[in-house]
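# Quick one, fold the following:
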Amino acid sequence: MNRIRRTAPAALLLIALLGAWELYVDVKGSTFSLILPAPHQVAQALYTDRGLLWSNFLVTAEEVLLGIVVATVVGFLLAVAIHFSPTLRRAAYPLLVASQAVPVVILAPVLAFWLGFGLLPKLVVVAMVSFFSIVVTTTAGLAAVDPDLLKLMRTFDASRARTFWHIELPAALPGAFTGAKIAVAVSVIGAVFAEWNGSNSGLGYVILQALPQLKAARGMAAVVILSLFAIALFALLGLAERLALPWVYLPSGKEQTA
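Just a heads-up that it's a prediction; the model follows:
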């Protein structure tokens, strides 16, 4: 019953939005549905084009998953390096911020020209739009360690490496997971832009081909799949965080007695 009460508001809101969308398209007429298909048309496309959508989803999913892995590794290592070196932080942080200001629509075709039309340029695009949140949140977590714990480790004459592994790293992991969850939400956008600029497969390619062919329902079905994929990745990361960091989810006041 508690789970039903928690999920009921989201389900009711979704039903209301779908109902309003269906009614809006119905009022506008059949011609308007060529641009914005009704929910029942999108559902029909999900079924009738399921083979096409599934095969292209596998391509996009590979790009997203591998890109997130690259972004996580690179982002985490950069955050640790910045934490250990204030000089590197002052030198690299402005460049990292600037990298996020470069429009993906400009970057993707340049990478396709340099690296070809295979998987590599798409991984680079996904990683570039995803890694920054991991860097920022992990760096903030490393900097937010309780100073008393650091003093305690120095009192015990602990090495810098031991202090990092036993104090700073556990404190930074919640931030790293938060950054990764933000990354998966934007990674599918990077994959779609990459596919628009040099690909003959993937859901981004399906969307690009569907619009001029007046198959808006198929394109919207691809968008629905991308959204559900991002939600699933977000939920899996939340589950992994609960399993890896159970102390973060302890009720207030029980952490000390656990």
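
# so what does the helix or strand Leu226 falls within touch, helix or strand wise?
Secondary structure assigned from DSSP states H and E places Leu226 in helix 216-244. Under the contact definition 3 or more C-beta pairs under 8 Å, 6 or more residues apart in numbering; DSSP states H and E, helix 216-244 sits against helix 39-48, helix 50-84, helix 169-196, helix 203-210. C-beta: built from backbone N, CA, C; applies to glycine.

# could you dump these to a markdown table with mean neighbour count?
Shown next, in a markdown table, are those (neighbours: other C-beta atoms under 10 Å):
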| stretch | mean neighbour count |
| --- | --- |
| helix 39-48 | 16 |
| helix 50-84 | 19 |
| helix 169-196 | 22 |
| helix 203-210 | 22 |
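
# Just put those in a markdown table and tack on distance to Ile225 and mean pLDDT.
Output for the helices and strands packed on helix 216-244, formatted as a markdown table (distance: least, C-beta to C-beta, whole Å; pLDDT from 0 to 100):
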| stretch | distance to Ile225 | mean pLDDT |
| --- | --- | --- |
| helix 39-48 | 8 | 91 |
| helix 50-84 | 6 | 92 |
| helix 169-196 | 10 | 88 |
| helix 203-210 | 6 | 90 |
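
# Any idea which of those gets closest to Gly219?
helix 203-210 (3.5 Å; C-beta to C-beta).

# rewinding a little: among the helices and strands packed on helix 216-244, which is nearest Ser227?
Closest among the helices and strands packed on helix 216-244, using C-beta to C-beta: helix 169-196, at 8.0 Å.

# just how off-centre is that closest one within its chain?
How far helix 169-196 lies from its chain's middle: 4 Å, per C-alpha atoms, centre = their mean, to the nearest Å.

# go on, stretch 211-220?
The answer for stretch 211-220 is 25 Å, by C-alpha atoms, centre = their mean.

# for stretch 143-157, same thing?
The answer for stretch 143-157 is 33 Å, by C-alpha atoms, centre = their mean.

# same for the helix or strand containing Trp21, what does it pack against?
In this assignment (DSSP H and E), Trp21 forms part of helix 2-28. On a contact count with 3+ C-beta pairs under 8 Å, 6+ apart, helix 2-28 meets helix 39-48.

# From the rest of the structure, what touches stretch 45-52?
Pro37, Leu53, Val206, Lys215, Ala217, Arg218, Met220, Ala221, Val224, Ile225 (C-beta atoms under 8 Å, 6 or more residues apart in numbering).

# ditto for stretch 203-210
By C-beta under 8 Å, 6+ apart, stretch 203-210 touches 52-53, 56-57, 59-60, 191-196, 199, 216, 218-219, 222-223, 225-226.

# rerun at 7 Å
52-53, 56-57, 60, 191-192, 195-196, 199, 216, 218-219, 222-223, 225-226 (C-beta atoms under 7 Å, 6 or more residues apart in numbering).
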